[in-house]
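Undergrad: A structural model of the following input is requested.
(one chain, ligands or ions: 1)
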Amino acid sequence: MTASPDARFPLIDDSRQLATMADFIRWAASRMDEHQVFLGHGTTCYWDEAAWLVLDALHLPLALDAAHWQAKLTPSEITRVVELIRRRCLEHIPTAYLLQRAWFMGQPYFVDERVLIPRSPFAELIADRFSAWIPQPDAPLSLLDIGTGSGCLAIALAQHFPQATVIGSDVSFDALQVAAINVEQQQMADQVSLVQSDLLDGLLDETGQPLRFDLILSNPPYVDPDEADDLPAEYHHEPALALFAEHHGLALVERLLDTAAAHLTAQGNLFVEVGNSRRLIDEWWPSHRLNWLSLEFGDAAIFHIGRSELADWRGDSASQPL
Ligand SMILES: C[S@@+](CC[C@H](N)C(=O)[O-])C[C@H]1O[C@@H](n2cnc3c(N)ncnc32)[C@H](O)[C@@H]1O
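TA: Here you go, the predicted model:
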């Protein structure tokens, strides 16, 4: 084994003292803490992040009983695991990209740097099958996920609404290629179709009329580009197109609100994740008719609005007509 060329991480000598999975998980957690890697792309503590990285790299289930953690690694496994830990710590590449696998709602997704790493709070609403808004979840509904990225939300929707047809759309052809891998791996092609589209533009039926949906959801880019420099290094491995939007992050959210009504059925509903941009929305449009949802995990970062309220979503039609 050759010594690491990077003086910031003289780990090969160190790692000679390590033998078992438990050794490497402990050591990875310590190095992650030492190098202050940013968490938030799948785990919330260094121990979990280290266990995820080491176990997945060894092709072992994450729920592996800790009794097996005393098993020793082979020399080639050590080389692989040490290299992944080195890249996690020095290059700040999120673990999901290093392993090309992320977990969302208990399912594995192929991911690489063409797509955002799945972590949307929409998981909670999908698990609940949007029960406050969809009285008949087993009806043949028509659902749309705008900005599908890895396809995680479109696929999870299809799995929770087995009679529904789901479109996952994205402006990024690269992202759609990743989504296609996941649709195929999860055998959801009968229910999920993927479409390249700039928000709702071009989502028309064969007669040229807008396609209509019972539910549209979107986790669009909503970060202010001026905040880019303040983000942890890990975010800079994610596609800028997935994170940033003009107009202080709200350009796409505003366009969605202005155009969604034509694409909803009479009882249809729009749900949009906006993260920290909630504060700006409340500030810019104080009379808005958006309904912030209370989520069990984390701050409410998703709003809901029904089709009938969309005609005057700013709640101020006299001064800002659509
Ligand atoms: C925050 S990511 C969400 C990905 C995925 N839905 C998730 O929750 O993990 C935003 C996605 O919107 C896509 N996007 C950006 N601009 C878009 C546009 N104008 N129209 C459609 N999709 C867009 C990006 O390519 C990216 O995949």
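
Undergrad: Would you mark the buried spots in stretch 119-138?
TA: For stretch 119-138, a neighbour-count test (16 or more other Cβ atoms under 10 Å) marks 119, 120, 121, 122, 123, 125, 126, 130, 133, 134, 137 as buried. C-betas here are computed from N, CA, C, even on glycine.

Undergrad: so the fourth one touches residue 219, yeah?
TA: In this case it means residue 122. Yes: counting by Cβ atoms under 8 Å, residue 219 is a contact partner of residue 122 at 6.4 Å.

Undergrad: Need the residues touching each of these two.
TA: Residues touching both residue 122 and residue 219 (Cβ atoms under 8 Å, 6 or more residues apart in numbering) are 153, 273.

Undergrad: Kindly report the residues of the stretch 1-150 of the chain close to the ligand.
TA: Contact residues, the stretch 1-150 of the chain versus the ligand (Cβ under 6 Å from any ligand atom): 115, 116, 118, 120, 146, 147, 148, 149, 150.

Undergrad: Report the contact partners of residue 245.
TA: Here residue 245 is in contact with 220, 221, 222, 223, 225, 251, 252, 253 (Cβ under 8 Å, 6+ apart).

Undergrad: What residues does residue 257 make contact with?
TA: Counting by Cβ under 8 Å, 6+ apart, residue 257 touches 270, 272, 305, 310, 313.

Undergrad: repeat that with 10 Å
TA: Neighbour list for residue 257: 250, 270, 272, 281, 285, 288-290, 303, 305, 310, 313-314, 322 [criterion: Cβ atoms under 10 Å, 6 or more residues apart in numbering].

Undergrad: Of the residues you listed, which belong to helices?
TA: Using DSSP state H, the subset of those located in helices is 281, 310.

Undergrad: Check the contacts of residue 257 against the ligand and report the nearest one.
TA: The ligand has its nearest neighbour among the contacts of residue 257 in residue 272, at 11.0 Å by Cβ to the nearest ligand atom.

Undergrad: from memory the closest one sits against residue 153, does it?
TA: No: taking contacts as Cβ atoms under 10 Å, residue 272 lies outside contact range of residue 153: 11.9 Å.

Undergrad: Outline the domain layout of the protein.
TA: The chain breaks down into these domains under automatic domain parsing: 11-99, 110-310.

Undergrad: In terms of distance to the ligand, which of the buried residues of stretch 119-138 ranks first?
TA: Proximity of these to the ligand (Cβ to the nearest ligand atom) peaks at residue 120, which lies at 3.9 Å.

Undergrad: can you count the residues close to the nearest residue to the closest one once chain neighbours are set aside?
TA: Excluding the flanking residues, the one nearest residue 120 by Cβ to Cβ, 6 or more residues apart in numbering is residue 219, at 4.8 Å. Counted with other Cβ atoms under 10 Å, the neighbours of residue 219 add up to 26.
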